[in-house]
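**Q** need a 3D model of the sequence below.
(2 chains)
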2 protein chains.
Amino acid sequence: MIIIGEKINSSRRQIAEAIASGNREYIQNEAIVQSDAGADYIDVNAAAFMEKEAEYLRWIIEAVQEVIELPLCIDSPDPKVIGKVISLVKKPPMINSITLESSRLDGILPFVLDYRATVIGLCQTGNRMGKSAAEKVEIAGRLIEKVTSTGIGINTLFIDPLVFPVGADSNSACATLDAIEEIMKHYQGVHTVCGLTNVSHGLPNRKLVNRTFLAEAVARGLDAAILDPSDKQLLGTLRAALMLMGKDEYCMGYIKAFRKGLLA
Amino acid sequence: MIIIGEKINSSRRQIAEAIASGNREYIQNEAIVQSDAGADYIDVNAAAFMEKEAEYLRWIIEAVQEVIELPLCIDSPDPKVIGKVISLVKKPPMINSITLESSRLDGILPFVLDYRATVIGLCQTGNRMGKSAAEKVEIAGRLIEKVTSTGIGINTLFIDPLVFPVGADSNSACATLDAIEEIMKHYQGVHTVCGLTNVSHGLPNRKLVNRTFLAEAVARGLDAAILDPSDKQLLGTLRAALMLMGKDEYCMGYIKAFRKGLLA
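**A** The predicted structure follows:
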């Protein structure tokens, strides 16, 4: 399971404030906390700042790389922004994200090649998001074809089948779970990745819904997630879910995380 | 999802004491608590008392039926004991359980017919418990054939694929999950049911492991469980898991349970 630490995102108020005020230490601490909790990549996002996005993203990348060793997940929809910052990374990064939209595809795939990056592909065309399982799987197939036709390995691609609020459509989460299983069975070597928080929008006890969704997604084959690794209840659920799926030999990952106080 | 309340089981010390001392109120309260928390059946078990099993089970059944309306799940491996108590039930019961062992099969199936009962079938022959997913599915197929050949409908049968400690074999829980999916896909109309506690034997934070296993099993198709419905964290996970699988229209089950304070 590949964990992408989601916390350094300019859509979060505290992060936007830290960026705007140049509070380097706050950003660095968010990186350290996620690294200590077991993240594999640290997502970095300044998209809320519009025309200052590249400048701020550059500042974040430098700040974060001063304090942790992990690779970064460069989170921007804009190939120009990615082009302005990607040369700063010290390790092969992940890029978040492409869609079937050709400006994003053609703009971003060269960076994936040049920087030996991995890349998240959203199940979304220019004007349409995949809602049913069949739509998600169909778009995933086209993404895989586009990416691999450029010579990029299928195992470089992390398909995000997208998650919509179950409170607005009772079948939306199930569609995502079905798509995960189908994609993982039919496209050997590809990864699937999800964000979690959207699923619980509008419901009470959102964190319960989010972590239960994560356990179900792991049971259907999900092998990467964008989440807050310092959420101990969430990480407890994740570690237990992986162990129960036979992905934690001798349960050592679970037991070690428990001993370190990382689970709740 | 069919919930079988597990608490009135003579393997629990408090229950054994209540039975031995004739503490009717304690037993009745355990029934009421589980009924209020949303159980569909109340399991009743006095198997720890050996030659007094039938006498005590009769006492439990009478005590429980005084205070709740729910059907009972008569939990005994012994056809003779079941024969001595089953005429007391006021509603069509569940019987827990048969195996492929012919004395249990031939002794219990007539009660299923006569009392319009449902029945739990363990993935176990006389001398062998199904360990791999393939073994579980193979035994399930033979159970289904035996049961339906007597004229009993397949939807009367709840297959328990058995759960073994993941701490002793990293692949044991995954085998159960795979078997659930396979059985539910290949035998339309049959149910699957699980106990949960065995899976976490020997591990820290057992309840976390148990409820995560439940979420994963629901994601793979499980439609019944033997559990403590008054465990709010467990029920919260179950309600969320069902909702996310599209089995809770408009999320009303989840939201109502939340409002009643049944989730944590």
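
**Q** please save the CA atoms from stretch A:251-264 in PDB.
**A** Output in PDB follows, covering the C-alpha atoms of stretch A:251-264 (Å, rounded to 0.1, in the frame of the first residue of the first chain):
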ATOM      1  CA  CYS A 251       1.200  -9.200  11.100                       C
ATOM      2  CA  MET A 252       4.500  -7.400  11.700                       C
ATOM      3  CA  GLY A 253       3.400  -4.100  10.200                       C
ATOM      4  CA  TYR A 254       0.300  -4.000  12.300                       C
ATOM      5  CA  ILE A 255       2.100  -5.100  15.500                       C
ATOM      6  CA  LYS A 256       5.000  -2.600  15.000                       C
ATOM      7  CA  ALA A 257       2.600   0.300  14.300                       C
ATOM      8  CA  PHE A 258       0.600  -0.700  17.400                       C
ATOM      9  CA  ARG A 259       3.800  -0.700  19.600                       C
ATOM     10  CA  LYS A 260       4.800   2.700  18.200                       C
ATOM     11  CA  GLY A 261       1.400   4.100  19.300                       C
ATOM     12  CA  LEU A 262       0.400   4.800  15.600                       C
ATOM     13  CA  LEU A 263      -2.900   3.000  15.800                       C
ATOM     14  CA  ALA A 264      -6.200   3.800  17.500                       C
END
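
**Q** from the rest of the structure, what touches that stretch?
**A** Residues outside stretch A:251-264 that contact it (C-beta atoms under 8 Å, 6 or more residues apart in numbering or on different chains): A:37-38, A:232-233, A:235-236, A:239-240, A:242-243, A:248, B:166-167, B:170, B:203-205, B:208. Every C-beta, even on glycine, is put in place using the N, C-alpha and C of the backbone.

**Q** what is the mean pLDDT for that stretch?
**A** Confidence for stretch A:251-264, expressed as mean pLDDT, is 92.

**Q** before we move on, the earlier item: narrow the contacts of stretch A:251-264 to those that are buried.
**A** Using 16 or more other C-beta atoms under 10 Å in any protein chain shown as the burial test, the contacts of stretch A:251-264 include A:37-38, A:235-236, A:239-240, A:242-243, A:248, B:166-167, B:170, B:203, B:205, B:208 as buried.

**Q** filter the residues you listed down to the ones in helices?
**A** Secondary structure from DSSP state H places A:235-236, A:239-240, A:242-243, B:208 of the buried ones among the contacts of stretch A:251-264 in helices.

**Q** any idea how far A:Leu57 is from the most centrally placed residue in chain A?
**A** Nearest residue to the geometric centre of chain A (C-alpha atoms, centre = their mean): A:Ile226, 3.5 Å. Distance, A:Ile226 to A:Leu57, by C-beta to C-beta, to the nearest Å: 17 Å.

**Q** same question, A:Gln65
**A** 12 Å.

**Q** and the two? Which one has more around it.
**A** A:Leu57 (28 against 20; other C-beta atoms under 10 Å in any protein chain shown).

**Q** go through the host helix or strand of the more buried one and flag the buried ones.
**A** Assigned by DSSP states H and E, A:Leu57 belongs to helix A:53-67. Buried residues in helix A:53-67, defined by neighbour count with 16+ other C-beta under 10 Å: A:53-54, A:56-61, A:63-65.

**Q** pull up the residues of the stretch 101-250 of chain A that are close to chain B.
**A** Counting by C-beta under 8 Å from any C-beta of the partner chain, the stretch 101-250 of chain A comes close to chain B at A:166-167, A:170-171, A:173-174, A:177, A:199, A:203-205, A:208-209, A:212-213, A:215-220, A:236-237, A:240-241, A:243-246, A:248-250.

**Q** list the contacts of the residue nearest to the centre of chain A.
**A** Contacts of A:Ile226 by C-beta under 8 Å, 6+ apart are A:4, A:6, A:43, A:73, A:96, A:193-196.

**Q** swap in 10 Å and give it another go.
**A** A:2-6, A:9, A:41, A:43, A:73, A:75, A:94, A:96, A:120, A:158, A:160, A:193-197 (C-beta atoms under 10 Å, 6 or more residues apart in numbering or on different chains).

**Q** thinking again about what came up before, now the common contact residues for A:Gln65 and A:Leu57.
**A** A:44, A:72, A:88.

**Q** separate out the buried members of those residues.
**A** Buried among those by 16+ other C-beta under 10 Å: A:44, A:72.

**Q** nearest to A:Ile15, of the shared contacts of A:Gln65 and A:Leu57?
**A** A:Val44 (9.9 Å; C-beta to C-beta).

**Q** doesn't A:Ile68 make contact with that closest one?
**A** No - when contacts are counted by C-beta atoms under 10 Å, A:Val44 is not listed as touching A:Ile68 (11.3 Å).

**Q** can you check which residues contact both of the two?
**A** Counting by C-beta under 10 Å, 6+ apart, the residues touching both A:Val44 and A:Ile68 are A:5, A:31.

**Q** can I see the domain layout of chain A?
**A** A:1-72, A:92-230 (automatic domain parsing).

**Q** how far does the longest one sit from its chain's centre?
**A** Taking C-alpha atoms, centre = their mean, to the nearest Å, one finds the center of domain A:92-230 at 8 Å from the center of the full chain.

**Q** buried residues in the helix ranked longest in chain A?
**A** Longest helix in chain A by number of residues, with DSSP H as the criterion: helix A:133-149. By 16+ other C-beta under 10 Å, the buried positions in helix A:133-149 come out as A:133, A:135-137, A:139-141, A:143-144, A:146-148.

**Q** and what of stretch A:250-262?
**A** For stretch A:250-262, by 16+ other C-beta under 10 Å, it's A:251, A:253-255, A:257-258, A:262.

**Q** kindly report the same for stretch A:83-94.
**A** A:84-86, A:89, A:93-94.

**Q** just the residues you listed now: which is nearest A:Ser103?
**A** Of all the buried residues of stretch A:83-94, A:Ser103 sits closest to A:Lys84, with 16.2 Å by C-beta to C-beta.

**Q** so that closest one sits right up against A:Leu57, yeah?
**A** Yes - A:Lys84 lies in contact with A:Leu57 (C-beta under 10 Å); the separation is 7.9 Å.

**Q** widest-spaced pair of the buried residues of stretch A:250-262?
**A** So, those by C-beta to C-beta: farthest apart are A:Cys251 and A:Leu262, at 14.4 Å.

**Q** so which residues of the stretch 1-150 of chain A form helices?
**A** A:13-20, A:24-36, A:53-67, A:79-85, A:102-114, A:133-149 (DSSP state H, counting those that start in this stretch).

**Q** in the stretch 1-150 of chain A, which residue sits closest to chain B?
**A** A:Ala133 (10.8 Å; C-beta to the nearest C-beta).

**Q** show me what contacts that residue?
**A** Neighbours of A:Ala133 in contact, by C-beta under 10 Å, 6+ apart: A:161, A:171, A:174-183.

**Q** and with 7 Å instead?
**A** Residues near A:Ala133 by C-beta atoms under 7 Å, 6 or more residues apart in numbering or on different chains: A:175, A:178-179, A:182.

**Q** go on, A:Leu72?
**A** Contacts of A:Leu72 by C-beta under 7 Å, 6+ apart are A:41-42, A:44, A:61, A:64, A:89, A:93.

**Q** can we see that at 6 Å?
**A** Residues counted as contacts of A:Leu72 (C-beta atoms under 6 Å, 6 or more residues apart in numbering or on different chains) are A:42, A:44, A:89, A:93.

**Q** for the residues you listed, could you give me TSV that also reports pLDDT and distance to B:Ile19?
**A** Formatted as TSV, the contacts of A:Leu72 follow (pLDDT from 0 to 100; distance: C-beta to C-beta, whole Å):
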residue	pLDDT	distance to B:Ile19
A:Ile42	98	57
A:Val44	98	62
A:Val89	98	67
A:Pro93	98	63
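
**Q** done for today, thanks.
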